[in-house]
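J.: sequence? don't have it. structure:
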């Protein structure tokens with residue numbers, strides 16, 4: 001529950017930040033928190049008619065922060081934020097949903113990976129199949145034991 005609240009607060013703190021990257025979990029936790037707040041406001045406005053304007057005000061307030069969040073999420077999947085304009089089409093929403101569900105990639109032109117890895121490790125990523133590798137000849141140990149590799153500076 002704490003992570004959901006932190007991700008929701010992050011949306012409001014970074015409301016005008018259209019650069020950088022947002023992890024998949026951060027996006028979906030903020031989305032969940034937004035849906036909960038909208039549901040509660042809708043429920044309250046259904047009970048008390050004069051408060052029905054609350055839902056409209058909240059929808060307008062959350063518009064820019066959530067566009068910024070979506071752009072940062074697209075950057076995380078190595079897509080330009082301009083691709084968010086696909087939301088204006090019906091079929092484009094499906095493409096955006098697929099991209100929003102993709103895992104974070106390594107470092108890209110939009111910034112370092114929010115997961116903290118810069119390239120695929122030697123064994124690949126957990127859960128992903130590894131590409132077959134050609135067998136290599138065994139390496140012989142160096143004859144001179146005093147050499148331990150390149151000097152570190």
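T.: Okay, I see it. Keep in mind it's a predicted model, so treat the numbers as computed, not measured. Numbering: from 1, shown residues only.

J.: and the gap between residue 48 and residue 37?
T.: Shown here: residue 48 relative to residue 37, a distance of 17 Å by Cβ to Cβ, to the nearest Å. Where C-beta positions appear, they are placed from N, C-alpha and C, glycine not excepted.

J.: Tell me which of the two has more neighbours.
T.: Between residue 48 and residue 37, residue 37 has the larger neighbour count (other Cβ atoms under 10 Å), namely 13 against 9.

J.: Neighbours of residue 76, how many?
T.: For residue 76, the tally of surrounding residues (other Cβ under 10 Å) stands at 27.

J.: For the nearest residue to it once chain neighbours are set aside, what are phi and psi?
T.: Spatial nearest neighbour of residue 76, chain neighbours left out: residue 21 (4.1 Å); criterion: Cβ to Cβ, 6 or more residues apart in numbering. When read as degrees, to the nearest 10, the backbone of residue 21 gives phi -140, psi 150.

J.: Also residue 110?
T.: phi -90, psi 0.

J.: is it true that it touches residue 76?
T.: Yes - counting by Cβ atoms under 8 Å, residue 110 touches residue 76, with 7.4 Å between them.

J.: Between these two, which contacts overlap?
T.: Both residue 110 and residue 76 are in contact with residue 21, where contact means Cβ atoms under 8 Å, 6 or more residues apart in numbering.

J.: sorry, back to before: could you give the number of residues near the residue nearest to residue 76?
T.: Around residue 21 there are 23 residues (other Cβ under 10 Å).

J.: Let me see the contact set for it.
T.: Contacts were defined as Cβ under 8 Å, 6+ apart; by that measure residue 21 touches 72-73, 75-76, 104, 110-114.

J.: Let's see that with 6 Å instead.
T.: Taking Cβ atoms under 6 Å, 6 or more residues apart in numbering as the criterion, residue 21 is in contact with 72, 75-76, 110-111, 114.

J.: in this structure, which spans are helices?
T.: Applying DSSP state H to the chain gives helices spanning 2-13, 24-47, 53-76, 92-101.

J.: Deepest-packed of the ones you listed, please.
T.: A comparison of the helices of the chain by mean neighbour count, using mean count of other Cβ atoms under 10 Å, puts helix 53-76 on top with a mean of 17.
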